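[1] can you look at this prediction? I've put the sequence above it.
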Amino acid sequence: MGTDIRVHEVYAGRVLQGAGARDLVPDETERLGARRVLVVAAPSSAGTARDLADRLGERYAGTFGRPAQHTPVEVTADALDLAREVRADALVAIGGGSAIGLGKALAVRTGMPQVAVPTTYAGSEATPVLGETESGVKTTRRDPALAPGTVVYDPELTLTMPRGLTLTSALNALAHAVEALWDARASAATRAFGIEAADGILTALPVALDHPADVDARSRLQEAAWLAGACLAQARMGLHHQLAHALGGTFGLPHAELHALLLPYVMRFNLPAAPDTASRLARVVNGDPTPAVAALAALHDGPTTLEALGVPRAELRAVAERVAADPYPNPRPVTADAVEELLLAAW
Ligand code: NAD
C-alpha cells in the first residue's frame, strides 16, 4: 500500500456517555441477547458491580473480582473457569485498564459479547489491543475481536479516582493523543480526535484536580479519554510509548505514573520536529505546551522521576540502545545518545 494512503477503522460500535449511563448497562446486555451475564470488576468497583447484579436480576450469572495489571494468563484462566461454571454468555467489565483487559481476554477466548464500563482514563476499551503476561513475559496482540462492541462511560464512576490516579491516568490519555497528533500518517479523523482529546484533558484536568467531585469536568475528561483511546487504536505510537513499554516491561513500573512522568520529556524532544502538532497544542494551552504539561505532571504527590520509580541509573544506556536499535515511528530521529540524554533528564 502507498505510504500516503491513510486507513481509519472504528471499533466500539456503540458508545453511551453521560452521568447515570451505568443504569443503562442491563438494557445494553439485553440488546446483545444476553441471558447469563458475567461481571468482571476491579475491587474499586465492587459496589458498582453489586448494583449491576441487582439490576440484572435473573440474568446475573456471577462476578470475577480480581483482575490484575498486564492481564496475567493465570488470572484469565481462573476467570474463564468461573465463566464456564456459571454458563456465562456475555460479560460486563467495570474498572480501569486491568479490568477492561481481562474482559477482552475472556471475550477473545469465548466469543462472548462484551460491554466495557471504564472507570479510569486508560482508554483500553477503545482499542483492539491486548497485552498479556505469561511467566513474566508480556506479549501484545491486535485483533478486532478484542474490542468491546459497547462502551458505557459514566463520569460518576470516576469521582472516586484518587487525586494521583486522576492526574496520571489523564496524562496517560494525553500521551495517546499527542503521539497520534505527531504521527505523520494519522488519518483526518484521528487528528480531530487527538486535538479534541488534548483540549479536553488540558482544560478539564486542572478543574478536576481542584474539584474532584465536579461531574462536568469529569465528564469532559472522560470524553477526552475516550477519543484518546481511539487515537491509540488508530495511530502509530512513537517514542513516548516505546519508552513506556521498554521501561515498564523491564522494571515492572506502574503504567499511568510512568506515562505521566515521561510525557513532558518526550514532548520537549519531539515537538521541535513536529511543528504542526506544536502549534495546535499551543493554541489549546495559549502558550508553550511542554511547560504546561510539565507543570501538570509536577503536581503529582507520588514519584515524578525515574529514580523515584526505582529505575537504576546504570541501566539507562542499555534501554536507550535497545530503543534506538529498533525505533517506533517518530517525528524526530531516535539515536541512543539522544534517548539516553532524555532518560537522564527524566531520571
Ligand atoms: P488499573 O486498571 O490497574 O487501575 C489502577 C488502580 O486504580 C486499581 O487498583 C483499580 O482498582 C483502581 N481504580 C480504577 N478505577 C478507579 C476509580 N474510579 N476509583 C478508585 N480507584 C479506581 O490501571 P489503569 O491505568 O486504568 O490501566 C492500566 C492497565 O491497562 C495496564 O495493564 C495497561 O497495560 C492496560 N492498558 C491497555 C491498553 C490497551 O489498549 N490494550 C490501553 C491502556 C492501558
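    Right, received. Where do you want to start?
[2] CA atoms only: put stretch 255-268 into CSV for me.
    Taking C-alpha atoms only, stretch 255-268 is exported to CSV below (Å, rounded to 0.1, in the frame of the first residue of the first chain):
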residue,chain,number,x,y,z
HIS,A,255,1.6,2.1,33.9
ALA,A,256,-0.1,5.5,34.4
GLU,A,257,2.7,7.1,36.6
LEU,A,258,5.4,6.1,34.1
HIS,A,259,3.4,7.7,31.2
ALA,A,260,2.7,10.8,33.2
LEU,A,261,6.3,11.5,34.1
LEU,A,262,7.8,10.7,30.7
LEU,A,263,5.4,12.8,28.6
PRO,A,264,6.9,16.3,29.1
TYR,A,265,10.4,15.0,28.3
VAL,A,266,9.3,13.3,25.1
MET,A,267,7.3,16.5,24.1
ARG,A,268,10.4,18.6,24.7
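[3] looking at that stretch now, give me its mean pLDDT.
    Mean pLDDT, stretch 255-268: 97.
[4] please compute how far it lies from its chain's middle.
    13 Å (C-alpha atoms, centre = their mean, to the nearest Å).
[5] now swap in stretch 283-301 and tell me
    That offset, for stretch 283-301, works out to 20 Å (C-alpha atoms, centre = their mean).
[6] for that stretch, output the C-alpha coordinates as PDB.
    The C-alpha coordinates for stretch 283-301 follow below in PDB (Å, rounded to 0.1, in the frame of the first residue of the first chain):
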ATOM      1  CA  ARG A 283      -3.500  27.100  20.600                       C
ATOM      2  CA  VAL A 284      -5.000  24.800  23.200                       C
ATOM      3  CA  VAL A 285      -2.900  26.000  26.100                       C
ATOM      4  CA  ASN A 286      -2.400  29.500  24.900                       C
ATOM      5  CA  GLY A 287       1.300  29.200  25.200                       C
ATOM      6  CA  ASP A 288       4.200  26.700  25.100                       C
ATOM      7  CA  PRO A 289       2.600  23.200  25.500                       C
ATOM      8  CA  THR A 290       5.700  21.500  27.100                       C
ATOM      9  CA  PRO A 291       6.000  23.600  30.200                       C
ATOM     10  CA  ALA A 292       2.200  23.400  30.600                       C
ATOM     11  CA  VAL A 293       2.300  19.600  30.600                       C
ATOM     12  CA  ALA A 294       5.400  19.600  32.800                       C
ATOM     13  CA  ALA A 295       3.600  21.800  35.300                       C
ATOM     14  CA  LEU A 296       0.700  19.300  35.400                       C
ATOM     15  CA  ALA A 297       3.000  16.300  35.800                       C
ATOM     16  CA  ALA A 298       4.800  18.100  38.700                       C
ATOM     17  CA  LEU A 299       1.600  18.200  40.600                       C
ATOM     18  CA  HIS A 300       1.800  14.500  41.300                       C
ATOM     19  CA  ASP A 301       2.400  13.600  45.000                       C
END
